[in-house]
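A.B. asks: Sequence first, predicted model second:
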Amino acid sequence: MQTGLEDQLGLYQKRIPIFTRSVKGRFRRFKTSVLVLAYAIYFLLPWLPWSRLDTPAQAVLFDLPGRRFLIFGLTVYPQDVIWLALLLFIAAILLFFVTGLVGRAFCGYFCFQTLWTDFFIWIEHKIQGERPARVRLYRQPWDREKVLKVGGTHALWMLASLWTGLTFIFYFAYAPQLVVDFFSGQAAAAAYITVGILTLSTYVAAGLMREQICTYVCPYGRFQSVMYEPETLAVHYDARRGEAAHGRATARAGQRILAERHEKGLGDCVDCGLCVQVCPVGIDIRDGLQYKCISCGLCIDACNTIMDSFEFPRGLIRYDSEQNLASPTPAAPSVHWKRLKSIGYGVAVVLMSAYLVYSVATRGSFDRAVNQIRQPLYVVLSNGDIRNRYQIRITNKATQEQTYVISARGIPADALDLGNFREITIKSGHSGLVQASVRLSPAVAAQIQRFELVITPLGKPAEANTEIVRFDTPGKRP
Amino acid sequence: MSEQKPQSQTVQTTGHAWDGDLQEYNNPLPVWWVYTFYATVIFALVYWTIYPSWPLGKGWIGGVSDITYVNSAGETRTHSWNTRALLLEDLNRAAITQKPYFDKVAAMSYEQIAKDPDMSGFILSAGKSLFAENCAPCHQAGGQGVIGFFPNLTDDDWLYGGSFDTIHTTLTGGRRAYMPTFSEVLSGEQIDQLANYVASLSGIGHDTTKAAAGDALFHGETAACYYCHSSNAKGRKDIGAPNLTDNIWLWADVPATDAAEGKVAVIRGVIANGLNKGVMPAWAGRLSPEQIKVLTVYVHELGGGQ
C-alpha cells in the first residue's frame, strides 16, 4: 500500500498548549530557590560597584573595546583564553558527571530555558489564575476579559524579555551609563541589535515555544540520554506499586484505604492525574522514562501531596534507578557513585578545577613575548663582531603603572644593548616594545648557542620572568 | 498499488494527453517557494533604491545610500555608495587616527622620539609599514640589503653617515655613488697590485709584494685612490666613498668566497670595471616630511644608528 500525495505526514507538529497546575513541595522549593538565586545573580551583578584605579567601577565588566574582561579583582586578557577553554571543559565534564549520577538535573533545575519558562509560567499564573481558570480562558471567545488577561500576560513577558536582553548588554559596558544611553537613543547599534534579538528570542523561547525548545531544539537534552545507566537516578513511577495486579483505580468508596485496595489487587495510584497536570512538558510519567522528561521533580511533589492526603506512603513517584526498580527487593534509592565512569568524571572535574584555580592564582602581573629578529638573523659589524637583535613586547596586566628592567644572563655584561630603554614604564593594560641587541665577538659567539633574557618588574624581583633565546652566527647551523 | 486512485482524479492535469494516456500534472509551485520568490523581488526593489543599480546614459542610478567622509585636507566629501568610496572612507579614517601621532612626530626632536616609549612603539609599526612599502624592494624586508647592490642598514657601517641628520639627508635628497673604471688607465698587473693592497687593509690573505706596490699606487698620482677613499683608506662620508679597512663589503662580494684568491679576484673586478649603480632615489616629493621623519628614526633604530 502506498500513501497518496494528499495524506503525507507533516514535519511540523502544532504545539499543544500546556496549562500547568502549581504545586508545593520539596522540589518546587528547590526550583524556586535556584530561580531566585540565579535571577539575583544575573540581574543584579552588573549593578555591583567595584572600585578600580582607571576603569569603570563595575564588578563584572566585559570590556570588548579594551580587549579585557574585568571580573571583580581579576583582569582577564584575550591571551588567557585557556581559562575559558578550561571552564568550558569543566562545565561539560560536570554535566556528564551529574547526568550519570542523577539524570538531567541540569535540565530540570538549572537550565536557563527551564528558569525563564518557570518565571513566565509564574507570571501567567498570577494574571490568569490556576490551571482550570487558564483552560477556561483559553476556550472562551475573545472577549474583554480574555484580551485584557492574555494581553497583559504577553506584555509582562515582553517586559521581562526586554530586561533580560538589557541585562545581558549591561555586562559589556558601564551599566548606569548604558541604561541612560540606551533609552535616549545614544547607545551603539550593536546594543540595540543584541537587545532586540535577545528580547525576541527570550519571549519566543520562554513564552511561546517552552517545552518545544527542550524537545526539538536543544541538543543537550538528547545527548544526555546516552549518559543514563541502569544505576542512574531518575524520576520514575513505581509501576509495581502503583498498578499492582489490577491496575490503578480512583479512590471511590470502598477503595480509599490502602488495606482495601491491596485486598482488591488495586495499585496505590489513585489516578488523580495531578502528576500530568503539573508537568511542564506535558507528559505522563506513569508511561515510563521519556525523552521529553526534563526531570524537574514537580510530579514527585504532586504525587506526594496526594499520597499524604490519603495517608498512603510517599514515593510512588520518586528518584530511583532502573536497576533498583527492577530488582525483586528494591532498596532505598541512593546515589551510586562507585562506578568507573562516575569516578573518572569526578577526578577529571577536580583535576581541571584545581588546575584552573592554580593557573589563575599564579598568573603573572605581566606578559612578555620575545622574538628574535629574523631579517637578518645576524649582522656582521665593521670590526667583525656579530650582532643579533630581539624584539621584546611587555604587556602590563597589573592594575597600576609599572617599570620593567631587562637584563641578560649567560653573555658578557656589556654585550646587551637596550638603546634608550634599559628601563621601560608601561601603563596598566598597555604594551611596550623594546628592541634589544646583543653584540659578541666571533670567539665568544662561537661558544654561545643560547642565553637568557630576564624581565623584572622594578622592585618585584620575585616576579621576574626568564626567556631563553638563540644567538645566531654566520656558519653556525641550527 | 491496486488501492491507489488514478492520479488524474487527485491532481489537476494540464489537459493534454499524448500516446493515449500520457498526461502532465499541473502541480502548483510550493507555497514557500512562491513567497520566497516574491520576497526576492521586493528585496531587489529595495536594493535598487538603496545602492547603485542601473546604468543610465553615461552614468548610473546612484541609490539613496551615500558615504560621507572628511579627507586629509579637511574637506567633506559625499559619494553615492560604492566600494571605492568605502575604501576612501576607511583610508581617511585611518589617516585621521594617525594624524595626532604624525603631528607629534613633526613637533618632537629625533632624540625625544627615540626615547618616548609610546612614540617608539608608533615608529616601529608605522615605520615598518612605510619601510615595507617604499624601501624593502631594494634594502629587503629587515633592511639587511643585498651585497653588490643595496647597502645593509642594520650594520654599523655607513657610506654617508648614520646620524639622524645624515639619514634624513639621504632619504630626502637621495644619493648617487660613482667609482670610475680603472681598466682603461691601469694595467692588469697594477689592478692586481691594488686589489692585493685593499685585501691587506682588512686582513684578507694577500701577496705582500704586490700589496706594497699597490700601496704606492693607492697613494700615488697614477691611480690616486686616496682622493676619494682618503689616505688612511677609511673613506669619505661626504661623497659616500666606502671605508676599505673594515669587515663590511657592499660592492665586492668578498664574504661569498672562502679562498683568498677568489676574494682578491672580486676586488680586482670592482677596481677594473668601476661602479655606476649606487643610486638611492630622492623621497622628498613622494613621502610627506613626517613620513620621512618616521623612516629616519626607524632606519636609525634598525641597529646601526649613530
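C.D. replies: That came through fine.

A.B. asks: Going by C-alpha atoms from here, please, whenever you check contacts or count neighbours.
C.D. replies: Fine.

A.B. asks: all helices for the stretch 201-306 of chain B, in order.
C.D. replies: For the stretch 201-306 of chain B, the helices defined by DSSP state H, counting those that start in this stretch cover B:208-219, B:226-229, B:260-273, B:289-299.

A.B. asks: could you list every residue that touches the residue located most distally from the centre of chain A?
C.D. replies: Of all residues in chain A, residue A:383 has its C-alpha farthest from the mean position, at 63.4 Å, by C-alpha atoms, centre = their mean. Residues in contact with residue A:383 (C-alpha atoms under 8 Å, 6 or more residues apart in numbering or on different chains) are B:246-247.

A.B. asks: What's the per-residue pLDDT of residue 71 here?
C.D. replies: Answering for chain A, as no chain was given. Residue A:71 is assigned 91 on the pLDDT scale.

A.B. asks: Can you look at chain B instead?
C.D. replies: In this model, residue B:71 carries a pLDDT of 79.

A.B. asks: Surely it and residue B:92 touch.
C.D. replies: Yes. In this structure, residue B:71 is within contact of residue B:92 by C-alpha atoms under 8 Å, at 5.6 Å.

A.B. asks: For the residue farthest from the centre of chain A, give its distance to residue A:111.
C.D. replies: Residue A:383 is 72 Å from residue A:111, where distance means C-alpha to C-alpha, to the nearest Å.

A.B. asks: Residue B:197 now?
C.D. replies: 87 Å.

A.B. asks: So if I had to pick from these two, which one is more boxed in?
C.D. replies: Taking neighbours as other C-alpha atoms under 10 Å in any protein chain shown, residue B:197 and residue A:111 compare with residue B:197 leading, 27 against 15.

A.B. asks: looking at the helices of the stretch 201-306 of chain B, which is closest to chain A?
C.D. replies: Closest of those to chain A is helix B:289-299, at 11.4 Å (criterion: C-alpha to the nearest C-alpha).

A.B. asks: If you count contacts, what does that closest one end up packed against?
C.D. replies: With contacts defined as 3 or more C-alpha pairs under 8 Å, 6 or more residues apart in numbering or on different chains; DSSP states H and E, helix B:289-299 has these neighbours: helix B:83-107, helix B:110-115, helix B:117-134, helix B:164-173.

A.B. asks: Give the buried residues for the first one.
C.D. replies: Using 16 or more other C-alpha atoms under 10 Å in any protein chain shown as the test for burial, helix B:83-107 gives B:85-86, B:88-89, B:92-93, B:96, B:101-102, B:105-106.

A.B. asks: and what of the shortest one?
C.D. replies: Of the residues in helix B:110-115, those with enough neighbours to count as buried (16+ other C-alpha under 10 Å) are B:110, B:113-114.

A.B. asks: neighbours around residue 126, how many?
C.D. replies: Reading this off chain A. As a burial measure, residue A:126 scores 11 neighbours (other C-alpha under 10 Å).

A.B. asks: let's do chain B instead
C.D. replies: So residue B:126, with other C-alpha under 10 Å, has 19 neighbours.

A.B. asks: can you check residue B:252 too?
C.D. replies: Neighbours around residue B:252, by other C-alpha under 10 Å: 20.

A.B. asks: Around chain A, which positions in the stretch 101-250 of chain B sit nearby?
C.D. replies: The stretch 101-250 of chain B comes close to chain A at residues B:114-115, B:117-118, B:120-121, B:141-144, B:154-157, B:246-248, as judged by C-alpha under 8 Å from any C-alpha of the partner chain.

A.B. asks: Write the PyMOL selection for whichever of the residues you listed are buried.
C.D. replies: Per 16+ other C-alpha under 10 Å, the buried members of those correspond to this PyMOL selection:
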select buried, chain B and resi 114+117+118+120+121+141+142+143+144+154+155+156+157+246+247+248
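
A.B. asks: From the buried residues of helix B:110-115, pick the one nearest residue A:323.
C.D. replies: Nearest to residue A:323 among these: residue B:114, at 76.6 Å, using C-alpha to C-alpha.

A.B. asks: Tell me which residues touch the nearest residue to residue A:411 once chain neighbours are set aside, please.
C.D. replies: Setting aside the residues directly before and after it, residue A:411 is nearest to residue A:451 in space (C-alpha to C-alpha, 6 or more residues apart in numbering or on different chains), at 6.6 Å. Residues near residue A:451 by C-alpha under 8 Å, 6+ apart: A:408-411, A:468-471.

A.B. asks: now do 10 Å
C.D. replies: Residue A:451 sits next to A:408-411, A:466-471 when contact means C-alpha atoms under 10 Å, 6 or more residues apart in numbering or on different chains.

A.B. asks: Could you do residue B:164 as well?
C.D. replies: B:109-111, B:293, B:296-297, B:299-301, B:305-306.

A.B. asks: now do residue B:188
C.D. replies: Contacts of residue B:188 by C-alpha under 10 Å, 6+ apart are B:182, B:194, B:268, B:272.

A.B. asks: Now rank those by neighbours and give me the top one.
C.D. replies: Neighbour max across the contacts of residue B:188 (other C-alpha under 10 Å) = residue B:194, 27 neighbours.

A.B. asks: by how many degrees do the host helix or strand of that one and helix B:208-219 diverge?
C.D. replies: Assigned by DSSP states H and E, residue B:194 falls within helix B:188-201. Here the directions of helix B:188-201 and helix B:208-219 differ by 100 degrees (axes from the mean of the first three to the mean of the last three C-alpha atoms, to 10 degrees).

A.B. asks: pLDDT at residue 5, what is it?
C.D. replies: Because you didn't say which chain, this covers chain A. What the model reports for residue A:5 is a pLDDT of 50.

A.B. asks: To clarify, I was referring to chain B.
C.D. replies: As predicted, residue B:5 sits at a pLDDT of 48.

A.B. asks: try the one 5 residues further on
C.D. replies: The model reports residue B:10 with a pLDDT of 68.

A.B. asks: Need the CA coordinates for the helix or strand containing residue A:82. PDB is fine.
C.D. replies: For residue A:82, the element it lies in under DSSP H and E is helix A:81-102. The C-alpha trace of helix A:81-102 is given here as PDB (Å, rounded to 0.1, in the frame of the first residue of the first chain):
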ATOM      1  CA  VAL A  81      41.700  32.100  26.600                       C
ATOM      2  CA  ILE A  82      43.000  28.900  28.100                       C
ATOM      3  CA  TRP A  83      40.900  29.700  31.200                       C
ATOM      4  CA  LEU A  84      37.800  29.900  29.100                       C
ATOM      5  CA  ALA A  85      38.600  26.600  27.500                       C
ATOM      6  CA  LEU A  86      39.200  25.100  30.900                       C
ATOM      7  CA  LEU A  87      35.900  26.500  32.200                       C
ATOM      8  CA  LEU A  88      34.000  25.000  29.200                       C
ATOM      9  CA  PHE A  89      35.800  21.700  29.700                       C
ATOM     10  CA  ILE A  90      34.900  21.700  33.400                       C
ATOM     11  CA  ALA A  91      31.300  22.600  32.600                       C
ATOM     12  CA  ALA A  92      31.000  19.800  30.000                       C
ATOM     13  CA  ILE A  93      32.500  17.100  32.300                       C
ATOM     14  CA  LEU A  94      30.500  18.300  35.200                       C
ATOM     15  CA  LEU A  95      27.300  17.800  33.100                       C
ATOM     16  CA  PHE A  96      28.400  14.300  32.200                       C
ATOM     17  CA  PHE A  97      29.300  13.600  35.800                       C
ATOM     18  CA  VAL A  98      26.000  14.800  37.200                       C
ATOM     19  CA  THR A  99      23.900  13.200  34.500                       C
ATOM     20  CA  GLY A 100      25.500   9.900  35.100                       C
ATOM     21  CA  LEU A 101      24.500  10.100  38.800                       C
ATOM     22  CA  VAL A 102      21.200  11.900  38.900                       C
END
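
A.B. asks: Flag every residue of the stretch 251-400 of chain A that's near chain B.
C.D. replies: Neighbours of chain B within the stretch 251-400 of chain A, by C-alpha under 10 Å from any C-alpha of the partner chain: A:373-389, A:393.

A.B. asks: give me that answer again for 8 Å
C.D. replies: Contact residues, the stretch 251-400 of chain A versus chain B (C-alpha under 8 Å from any C-alpha): A:374-376, A:379-384.
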